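Colleague: sequence and predicted structure below; questions after.
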Amino acid sequence: MSILKKVRSVNALYAGLDKEIAIFQSKTSLHCKAGCGKCCTHAEVDASPLEFIPWAFNLFLNGTAATTLDELNSKESAICHIYEPLSIVDSGSGKCSDYVYRGLICRLFGYGANRDKFGEMRLATCKIIKETQAENFEAAQKAMKEGLYVPIFTDYYMKLSQIDFKLGNQIVPVNKALKIALEEVLQFYAYRPFPRGFKDCA
Ligand code: SF4
């Protein structure tokens, strides 16, 4: 499958998920605290390269894929390369600098669920939401038990691997996922013509 087809398939998956999340948010009133970027600062954010293929392709079209790959190769911090803290002193406040192209994990976290060992749905969300929106969080957990639809992590990761098993099934630290996604796009176009209408990519 070409990179363009993969990008379109991943974007189509995201479009459906975004709608499901919007419905879930409106029914539960759960929401991220404005300006909070705490979950992006965790060193243990893991992702698959495929979920960042649209991000990597966009960088390629803008001509910044190769330089971003260089930055990632020399990066020592495990914090997501795309994360932009508000200030050096308060790294927990900030934002995703490429929100439109964020990965699957970034979309699911907070508004997606996992099944526990008893088969019950558990919302995978952060401590801040659990503590500051405790009532809504408990109500959401109850509503899920009673049948409220919630996107499920494993279902979405399965759908992702159906697009490209190798790139979708590899779960690695987020910066490695970004790196592999960029390498994949750059290698694909190394000996192929650039996408139509683009001359100076990479
Ligand atoms: S891609 Fe954006 S939303 Fe996802 S972890 Fe990185 S900074 Fe956070």
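Modeller: Perfect, I can see it now. Numbers count the residues shown, from 1 in each chain.

Colleague: contacts only, for His81.
Modeller: By C-beta atoms under 8 Å, 6 or more residues apart in numbering, the residues touching His81 are 68, 71-72, 75, 174-175, 178. Just so you know, the C-beta spots here come from the backbone N, C-alpha and C atoms, and that holds for glycine as well.

Colleague: of those, grab the buried ones for ChimeraX.
Modeller: To isolate the buried ones among these in ChimeraX, judged by 16 or more other C-beta atoms under 10 Å, type:
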select :68,72,174,175,178
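
Colleague: mind telling me what element Ala113 is part of?
Modeller: strand 112-115 (DSSP states H and E).

Colleague: flag every buried residue along that strand.
Modeller: Using 16+ other C-beta under 10 Å as the test for burial, strand 112-115 gives 112-113.

Colleague: so is that strand next to the ligand?
Modeller: No - under the criterion of C-beta under 6 Å from any ligand atom, strand 112-115 makes no contact with the ligand; the nearest approach is 13.5 Å.

Colleague: start the count at 29 instead of 1 going forward.
Modeller: Noted, 29 is the first residue going forward, which turns the last one into strand 140-143.

Colleague: next structured bit after that strand?
Modeller: Following strand 140-143 in sequence order, the next helix or strand is strand 149-152 (DSSP H and E).

Colleague: partner strands of that next one, parallel or antiparallel?
Modeller: strand 140-143 (antiparallel) (DSSP bridges).

Colleague: just to revisit the earlier point, pLDDT on the strand holding Ala141, on average?
Modeller: Mean per-residue pLDDT for strand 140-143: 92.

Colleague: so Asn39 sits right up against Pro82, yeah?
Modeller: Yes - counting by C-beta atoms under 8 Å, Asn39 touches Pro82, with 5.6 Å between them.
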